[in-house]
Every structure is written in C-alpha cells, then in structure tokens.
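Enquirer: Build me a model from this:
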Amino acid sequence: MDARESFRQLSHSLNASVLGQPEVVERLLIALLANGHVLMEGLPGTAKTRSIKTLSSLVDSQFSRIQFTPDLLPSDVTGAEIYREQSGTFDFQPGPIFGNLVLADEINRAPAKVQAALLEAMEERQVTVASETHPLPGLFLVLATQNPIEQEGTYPLPEAQMDRFLLYVRVDYPAGDNELAILRLVRSEKSGSEGQAPAKISQEVIFAARQEVNAIHVAEGAEKYIVDLVLATRQPERFEGNLSKWIRIGASPRGTIALDAAARAHAWLHGQDFVSPDNIRAVAPACLAHRVHLTYEAEAAGVTRTDVINTLLQSVVPT
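Expert: Numbering: from 1, shown residues only. Predicted coordinates for the structure are as follows:
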C-alpha cells in the first residue's frame, strides 16, 4: 500500500469517528502532511479533542495532552531539570510537549509566559533548559483549541503569535442528521460494538508522504496567485468593496509559505501532481484568516476573518 492510499484510509477512519466534520478532518491531514500546527476554535462538544485523539489512535505516535489553566507554568509544558539526590546530578525531565501529537486544550486559559513557551517550541522544534537544547520529535503536531464564548479568566493569544499556526479551523455544530449518527456512534462505543480498530499508520509512511507533497509541482501562475492573495491583504485599497474598511493589517510572508505548503498537501490528498487555483482557494481561509487583523469597524459590523478571506477570493483572480 502506497502513502496516498494509506492517507485515504486514514481519512476514511477519521471521518467515521469525527462525524459531520469533513473539513476538520481534511485540515488535520493537511497539517500532518505540511508539518504544521493547527489552531482550532469552536463551541464545547464539537469534537475538537476527539479529532486529535482519534488521529493519534490511528497513527503510530505518542499522544500528549496539556490542559491549559491560569496556574500553569512554562516548565509544566517544556519540562525541567530534576535533581537526583542519589547521584547528586540534575537530569532533564521532558514535558508533555515532547509528544508526537500534542493537544493544547483551551490555550487561551494560560498566561502569556506559558503560551510563549509553547509557541517557541512549535516554531523552533526544540526546547532549551539550563543552556542545553533538546530537539523535539520528527513527527510533531500541535492542535491548540480555544473556546470563543468564554472570556472570563482567559488570556487571548496575541495576534502576532497566531502567525505560528499553519492553519486556523473554525468548528461549528453538526447538522441534525449527523447529530443522530453521533448519538448512535457513542452508544456503540460504550457498548463495545464499534468493530475492530484499523491498523496504525507508521511514521515512516507519513515522512514518505511529506516527500511526495514536497515534490508536487507549483507552476509560476499558481505561485503568482498565492503571492497576489497575500499582497491583497496588505493592499486592500486596490480593490472595490469593503476590503479596505475591514482589513487593518495584512498577512506576513508566513502566510505565503503556509498557503504554498497547504495547497500542495491539498493537491496530493486529491490525487493531483500539481497545484491548481482550486487547491489554493480551498485552503486560503484556513491559511490566511488568523493572519489578517480586522478593523474596529469590521468587528462592530460582525464581519469575521473568514468572511474577509472569502471576499478576497472573489476579488483576486488567477492570471
């Protein structure tokens, strides 16, 4: 079985467990292929935690969960030097960040120092404690979640720090028929009648898939379309409509890099060997929404970042 077929089976298994959220499943697979991290925002009970736990059960990996709270310390995330009385030496005790698939649950409940420690590890792929550097695993994906309806006792992520996430995913409630299927699925899981679990995908398969994704061809026209989209977030006054009223600060060059990587992963997942404008449009909201900062006028009007990116996609056309 080749890498692409393995990911098709992985997608099927995820969709069978995370019902009614095909976009969430696809975004997770794109992040896994593009070696990036995901910021997931949604109301309670919308399978944010379930999605990453299910992925970890389907991949040969170590799963770690960090429940962010106001009293959490940076060392609770990264690890710390522990004194061994028997030997009289200090040994490094790795923290939960050293897992392969890491759930940073309710990231906006921890203070800035803890958020910074996590985000630095995500960016540098290493942790430095007592002047010694400890590399993180080769397979390393952070899924950070936050609840949009609770503001009491929270520490919102700085907008500049959100740039560290490859993708932003907004999770909504499932449709009625999907909720009925969820009810039956949970009932079957509790009764133990959900069937045999599929074989786990090895990390070597994921690394091989990443090599194939990196080999996906991106034509000059597709590259220009990616750059045009990002530049449009910085120069919205060039376009008619409300974009100039809505966008305060545009996406950084990280947005360009993320859009390229995610579009190649999207093309690979759909069996293509090249990136088309459709692939770019499909991932643009997830790649750019959290990198575009809105004006007060847009926020007062109830305009979301995803609304802005969708309007942008209508204004910028590939050449």
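
Enquirer: What segments of the stretch 151-300 of the chain are strands?
Expert: Ranges of strands in the stretch 151-300 of the chain, per DSSP state E, counting those that start in this stretch, are 167-171, 247-249, 293-294.

Enquirer: most packed of these?
Expert: Comparing the strands of the stretch 151-300 of the chain by mean neighbour count (mean count of other CB atoms under 10 Å), strand 167-171 ranks first with a mean of 22. Where you see a C-beta, it was placed from the backbone N, CA and C, and this is true even at glycine.

Enquirer: To Gln67, which of the strands of the stretch 151-300 of the chain lies closest?
Expert: In terms of CB to CB, the element of those nearest to Gln67 is strand 167-171, at 18.5 Å.

Enquirer: Can you name the residues in contact with that closest one?
Expert: With CB atoms under 8 Å, 6 or more residues apart in numbering as the test, strand 167-171 has contacts from 21, 23-24, 27, 30-31, 36-43, 46-48, 162, 258, 262, 283, 286-287, 289-290, 305-306.

Enquirer: List buried residues within those.
Expert: Neighbour-count burial (16 or more other CB atoms under 10 Å) applied to the contacts of strand 167-171 gives 21, 24, 27, 30-31, 36-42, 46-48, 162, 258, 262, 283, 286-287, 289-290, 305-306.

Enquirer: What about the contacts of strand 167-171, which are in helices?
Expert: 23-24, 27, 30-31, 48, 258, 262, 283, 286-287, 305-306 (DSSP state H).

Enquirer: and which of those is nearest Ala130?
Expert: Ala31 (31.6 Å).

Enquirer: Which residue ranges of the stretch 51-200 of the chain form helices?
Expert: Secondary structure of the stretch 51-200 of the chain by DSSP state H, counting those that start in this stretch: the helices cover 74-78, 112-124, 176-191.

Enquirer: Now do Phe92: how many residues are near it, please.
Expert: 15 (other CB atoms under 10 Å).

Enquirer: show me the contacts for it.
Expert: 79-82, 129-130, 132, 134.

Enquirer: Where does confidence bottom out across the residues you listed?
Expert: For those, the weakest pLDDT value sits at Ala130, with 77.

Enquirer: List phi and psi for that one.
Expert: phi 50, psi 50 (degrees, to the nearest 10).

Enquirer: so how far is Gln93 from the residue lying closest to it once chain neighbours are set aside?
Expert: Spatial nearest neighbour of Ala130, excluding adjacent residues (CB to CB, 6 or more residues apart in numbering): Glu81 at 5.1 Å. As judged by CB to CB, to the nearest Å, Glu81 and Gln93 stand 8 Å apart.

Enquirer: mind checking which of the strands of the stretch 151-300 of the chain is nearest Pro156?
Expert: Using CB to CB, those put strand 293-294 closest to Pro156, at 12.8 Å.

Enquirer: mean confidence for that closest one?
Expert: Mean predicted confidence for strand 293-294 is 90.

Enquirer: Who does it pair with, and is each partner parallel or antiparallel?
Expert: Strand pairing for strand 293-294, determined by DSSP bridges: strand 247-249 (antiparallel).

Enquirer: How far away from the center of its chain is the partner strand?
Expert: Chain-centre distance of strand 247-249: 23 Å, with CA atoms, centre = their mean, to the nearest Å.

Enquirer: residues in contact with it?
Expert: By CB under 8 Å, 6+ apart, strand 247-249 touches 159, 233, 236, 292-295, 298, 308.

Enquirer: which of the helices of the stretch 51-200 of the chain sits most buried?
Expert: helix 74-78 (a mean of 20).

Enquirer: And the helices in the stretch 201-319 of the chain?
Expert: For the stretch 201-319 of the chain, the helices defined by DSSP H, counting those that start in this stretch occupy 203-214, 220-234, 243-246, 253-269, 277-288, 296-300, 305-315.

Enquirer: nearest to Glu123, of these?
Expert: Of the helices of the stretch 201-319 of the chain, the one closest to Glu123 (CB to CB) turns out to be helix 253-269, at 10.0 Å.

Enquirer: other SSEs contacting the closest one?
Expert: When contacts are defined as 3 or more CB pairs under 8 Å, 6 or more residues apart in numbering; DSSP states H and E, helix 253-269 packs onto helix 3-17, helix 22-34, helix 203-214, helix 220-234, helix 277-288.

Enquirer: As PDB, could you dump the C-alpha coordinates of that helix?
Expert: Written as PDB, here are the backbone C-alpha positions of helix 253-269 (Å, rounded to 0.1, in the frame of the first residue of the first chain):
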ATOM      1  CA  PRO A 253       5.300  36.200   4.500                       C
ATOM      2  CA  ARG A 254       4.500  33.200   6.700                       C
ATOM      3  CA  GLY A 255       1.100  33.400   5.100                       C
ATOM      4  CA  THR A 256       2.600  32.900   1.600                       C
ATOM      5  CA  ILE A 257       4.700  30.000   2.800                       C
ATOM      6  CA  ALA A 258       1.700  28.400   4.600                       C
ATOM      7  CA  LEU A 259      -0.500  28.800   1.500                       C
ATOM      8  CA  ASP A 260       2.000  27.100  -0.700                       C
ATOM      9  CA  ALA A 261       2.600  24.200   1.700                       C
ATOM     10  CA  ALA A 262      -1.100  23.700   2.400                       C
ATOM     11  CA  ALA A 263      -2.100  23.900  -1.300                       C
ATOM     12  CA  ARG A 264       0.500  21.200  -2.200                       C
ATOM     13  CA  ALA A 265      -0.800  19.000   0.600                       C
ATOM     14  CA  HIS A 266      -4.400  19.500  -0.600                       C
ATOM     15  CA  ALA A 267      -3.500  18.700  -4.200                       C
ATOM     16  CA  TRP A 268      -1.700  15.500  -3.100                       C
ATOM     17  CA  LEU A 269      -4.700  14.400  -1.000                       C
END
